[in-house]
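Chemist: With the sequence up front, the predicted model follows.
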There are 2 protein chains.
Amino acid sequence: MSYRFYNARILTMEEGRDIFEGELHTDGSRITYVGGKTDRRPEKGFDEEIDCGGNLLMPGFKNAHTHSAMTLLRSRADDLPLDKWLNEQIFPVEAKMTGDDICQLTKLAFLEYLTSGITACFDMYLTPKTIAKAARECGFRMVQVGAVNNFSQSPELVEEMFNELNGKDPFNSYILGFHAEYTCSKELLLKIADLSHKYSAPVYTHISETASETEGCRERYGMSPVAFLDSIGMFDHGGGGYHLVHVDDNDMEILKKRGMYAVTNPGSNAKLASGIAPVSSYLAHGIPVAIGTDGPASNNALDMFREMYMVTVLAKLKDNDASSVPAHEVLKMATVNGAKAMGLQDADVLAEEKLADLIMIDLNTPNMQPVNNIQKNLVYSGSKSNVRLTMIGGVIKYRDGSFNIGTSPEDIYAAAYEIKKRIDKELNA
Amino acid sequence: MSYRFYNARILTMEEGRDIFEGELHTDGSRITYVGGKTDRRPEKGFDEEIDCGGNLLMPGFKNAHTHSAMTLLRSRADDLPLDKWLNEQIFPVEAKMTGDDICQLTKLAFLEYLTSGITACFDMYLTPKTIAKAARECGFRMVQVGAVNNFSQSPELVEEMFNELNGKDPFNSYILGFHAEYTCSKELLLKIADLSHKYSAPVYTHISETASETEGCRERYGMSPVAFLDSIGMFDHGGGGYHLVHVDDNDMEILKKRGMYAVTNPGSNAKLASGIAPVSSYLAHGIPVAIGTDGPASNNALDMFREMYMVTVLAKLKDNDASSVPAHEVLKMATVNGAKAMGLQDADVLAEEKLADLIMIDLNTPNMQPVNNIQKNLVYSGSKSNVRLTMIGGVIKYRDGSFNIGTSPEDIYAAAYEIKKRIDKELNA
């Protein structure tokens, strides 16, 4: 399919380029033109020409940390202390989830991502094969990361998935990783570092989400999690950390030196009372920050608008400075930096030959009027209700409230309900 | 008009009453039935019967602090230190706004309120007569509060509006108030306290929004703002404070003793780096908390879902406790407590003879599925995109994205744009 989007405002997210009025063309999975009004036409014409009515085109958001299939656990356990939440509510349910369950529940997350303009996610969860199946069936751009720990998965599975899920289909890729320092033995961690060296590949993991986890690592190894993992060669080929709330200056220096990404999850960190990540310090150190929703058990929404808002207002509170982390920086985190962290170098900005992973934002709504500053609007008053269209790889997956992912929302809701019913029954047996 | 909403889940917000399945009837401006499925019918039948499809009916949200007409200033000045924001951006524009401008810009806010399920607002702004006109013309429930300070309005105007706007039409009411301690002379404050005594009426004002304002009061009067204002008899008939971020134990005792409301504005307080209000302490002291968006210059959205989420996650961060301020408390703040603070005793819960100020929440959306817990969903994953219908005084004002306020959104957007253009020109002249 080929599309012409015209009469648009366009925010390409290329460095230093302001919003301009013009049009954008796609052919197959790629963007073929971005610029002012033009007479350029493919010989066969376009399959569809879309009048944007002055609305905004921009790159799709990249959800740089999530556990998609935890949709099952949304609002199942909230307003609880962290240990009760995890041990009494989350773990017992997860133990009952099958690979097929996870495939279905991941599709439920895709629906929510599309409504929020998210075109790709960086997912850590239990059954990589069935998650990849969900992505292929729905046409959603999925980057998985190894989730190995002492209790599930293995370095062998991580290596197998690394080879099986990269370069095989347009919707799936896989990055080396493990769950967290505190859930992995040193032997296990060394095996992951070996894989990183074998493939010259970056490694991602949860790091320093909570104060107690960070303190625990200092007791175990006499170093912070960042410093300890770096000391065993884990980040020789870069990578990044999810959360990174409790870090010190030495950690900052290591992250900078290794070219690592800090993936911040402000909603989850707030709701679970984990703390506020030092986002403006990351920026000051030149450490690129990306944004993740974390999973729906701990957030509970998968909404990049809420996360963008949270990133900046929490930074302002933490720094006691209303000018901290301005809107444009936040938009860069949610698009360009997310894409780079996830290895999606072709989905970072809107430009010729890049992947057509893009969204259309409605500016003709009460929360966007009058239009004083579109970038500030996106971060401070924007909402997923402004997402008119979400396109992945040149295919319109969501438009004016309707989905195009090969199965109906009603069927996905019904499947999630059946899974919930079955697991509740098993737990009560 | 009379309506029957059937096949609904209903959250009445009456104390101790769980969500149940049933129906709700309205006739004119009032609710005539709330309960299980019934054969009760008015003799003339209903004007419309609405199949809720299992979706949720609940009381409309009460926005307990705002400056509606500041829509003009949305995203005009952000990511700036507070003093620059106020003195270089906000004040010069406000000086150019006419009463007619404010009427139009208030209507723009009404549109946004309706999309977010807000059925009433507690508004402090410059021209009470034209704000009341906007409410009458649109059928929006408006509670105004006196905004007098050393630079605008007068105690005489406050008294005049108190008499003119109460009891005259179903959409307007007026509560005594002033801008803030730091913008009013002691003489002026004493005149407002006199009015309170004359009419045995409560008084509302901005209190202790910032640390510097609170410190300034201590320097001026040797007391905190709450203590000083109470010492001159301001709260002898109750009332409340907007913001109340920087308070001490003695302030808490005064608020409690005077039966006052703490109106929290978490989004604004975060964005302007003012701090986090001690919401769980208010609850522990038995001080009722209501929620306001504050104005769109400082938020920038007028979205009760975002505010509800912010109230609880900021409390969790402040208290370092993931169980702080649970979802049901937040819903009570956004509905029952807001109504009581605003003097809308008839719009607090869904019950027979109460005002039909209600909303329908779509549960058949990705962010609400699977339905594990509706109240947690509302606060943690809910969004204004879930608002299917907003009714005020028995009239459907918003439904499936369409508005019914006597004028089209396009005309309101165009009017706001013309005001912006004119004022920009005047400022550049």
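Modeler: Good, I have the coordinates. Nothing here was measured: the structure is a model prediction, and the numbers come from that model. Numbers count the residues shown, from 1 in each chain, chains lettered A, B, ... in the order given.

Chemist: residues of the host helix or strand of A:S196 that come out buried?
Modeler: Following DSSP states H and E, one finds A:S196 within helix A:186-199. If you call a residue buried by 16 or more other C-beta atoms under 10 Å in any protein chain shown, then helix A:186-199 has these buried ones: A:188-189, A:191-193, A:195-196. Backbone N, C-alpha and C define where each C-beta goes, glycine included.

Chemist: Serialize those to CSV and add fields for pLDDT.
Modeler: Shown next, in CSV, are the buried residues of helix A:186-199 (pLDDT from 0 to 100):
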residue, pLDDT
A:L188, 98
A:L189, 98
A:K191, 98
A:I192, 98
A:A193, 98
A:L195, 98
A:S196, 98
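
Chemist: other SSEs contacting the helix or strand just after the helix holding A:S196?
Modeler: Where DSSP H and E defines the elements, the next helix or strand beyond helix A:186-199 is strand A:203-207. Judged by 3 or more C-beta pairs under 8 Å, 6 or more residues apart in numbering or on different chains; DSSP states H and E, strand A:203-207 is in contact with strand A:172-180, helix A:186-199, helix A:225-231, strand A:239-243.

Chemist: Recalculate using a threshold of 7 Å.
Modeler: strand A:172-180, strand A:239-243 (3 or more C-beta pairs under 7 Å, 6 or more residues apart in numbering or on different chains; DSSP states H and E).

Chemist: Backbone dihedrals for A:I361, please?
Modeler: The phi/psi pair for A:I361 (degrees, to the nearest 10) reads phi -110, psi 130.

Chemist: Which residues outside the helix or strand harbouring A:L157 are in contact with it?
Modeler: For A:L157, the host element (DSSP H and E) is helix A:155-165. With contact meaning C-beta atoms under 7 Å, 6 or more residues apart in numbering or on different chains, helix A:155-165 is reached by A:128, A:132, A:144, A:146, A:148, A:172-174, A:176, A:188, A:191-192, A:195, A:199.

Chemist: Return the distance of that helix from the chain's centre.
Modeler: Centroid displacement of helix A:155-165 relative to its chain, using C-alpha atoms, centre = their mean, to the nearest Å, is 21 Å.

Chemist: give me every residue that touches A:A270.
Modeler: Contacts of A:A270 by C-beta under 7 Å, 6+ apart are A:310, A:314, B:313-314, B:316-317.

Chemist: circling back: among the buried residues of helix A:186-199, which one lies nearest to B:S381?
Modeler: Nearest to B:S381 among those, counting by C-beta to C-beta, is A:I192 at 33.2 Å.

Chemist: What sits closest to that closest one if chain neighbours are left out?
Modeler: Spatial nearest neighbour of A:I192, excluding adjacent residues (C-beta to C-beta, 6 or more residues apart in numbering or on different chains): A:F178 at 5.1 Å.

Chemist: so where's the stretch 51-200 of chain A shaky on pLDDT?
Modeler: Along the stretch 51-200 of chain A, segments meeting pLDDT under 70 are nowhere present.

Chemist: quick one, strands of it?
Modeler: Here the stretch 51-200 of chain A has its strands, by DSSP state E, counting those that start in this stretch, at A:56-59, A:61-66, A:118-123, A:141-145, A:172-180.

Chemist: thinking again about what came up before, so what secondary structure elements neighbour the helix holding A:S196?
Modeler: helix A:155-165, strand A:172-180.

Chemist: Using CSV, write out the CA atom coordinates for the longest one.
Modeler: Output in CSV follows, covering the C-alpha atoms of helix A:155-165 (Å, rounded to 0.1, in the frame of the first residue of the first chain):
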residue,chain,number,x,y,z
PRO,A,155,21.4,-18.4,29.0
GLU,A,156,20.9,-21.1,26.4
LEU,A,157,17.4,-19.8,25.7
VAL,A,158,18.6,-16.2,25.6
GLU,A,159,21.2,-17.2,23.0
GLU,A,160,18.7,-19.3,21.0
MET,A,161,16.2,-16.4,20.9
PHE,A,162,19.0,-14.0,20.0
ASN,A,163,19.7,-16.1,16.9
GLU,A,164,16.1,-17.0,16.2
LEU,A,165,14.3,-13.7,16.5
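
Chemist: in it, what's buried?
Modeler: Neighbour count says helix A:155-165 has A:155, A:157-159, A:161-162, A:165 buried, by 16+ other C-beta under 10 Å.

Chemist: List just the nearest of the residues you listed to chain B.
Modeler: A:L165 (24.8 Å; C-beta to the nearest C-beta).

Chemist: Tell me the spacing between the nearest residue to the closest one once chain neighbours are set aside and A:R136.
Modeler: The shortest distance from A:L165 to any non-neighbouring residue, by C-beta to C-beta, 6+ apart, is to A:Y174 (3.8 Å). With distances taken as C-beta to C-beta, to the nearest Å, A:Y174 is found 13 Å from A:R136.

Chemist: Counting neighbours, go ahead and name the busier of the two.
Modeler: More crowded of A:Y174 and A:R136, by other C-beta atoms under 10 Å in any protein chain shown: A:Y174, with 24 against 16.

Chemist: OK, contacts around the more buried one?
Modeler: A:Y174 makes contact with A:144, A:161-162, A:165-166, according to C-beta under 7 Å, 6+ apart.

Chemist: That one bridge partners, please.
Modeler: A:Q144 (DSSP bridges).

Chemist: gap between it and A:V158?
Modeler: From A:Y174 to A:V158 the distance is 8 Å (C-beta to C-beta).

Chemist: Next: A:F110.
Modeler: Distance from A:F110 to A:V158, by C-beta to C-beta: 24 Å.

Chemist: for the helices and strands packed on strand A:203-207, which one ends up most surrounded?
Modeler: strand A:239-243 (a mean of 27; mean count of other C-beta atoms under 10 Å in any protein chain shown).
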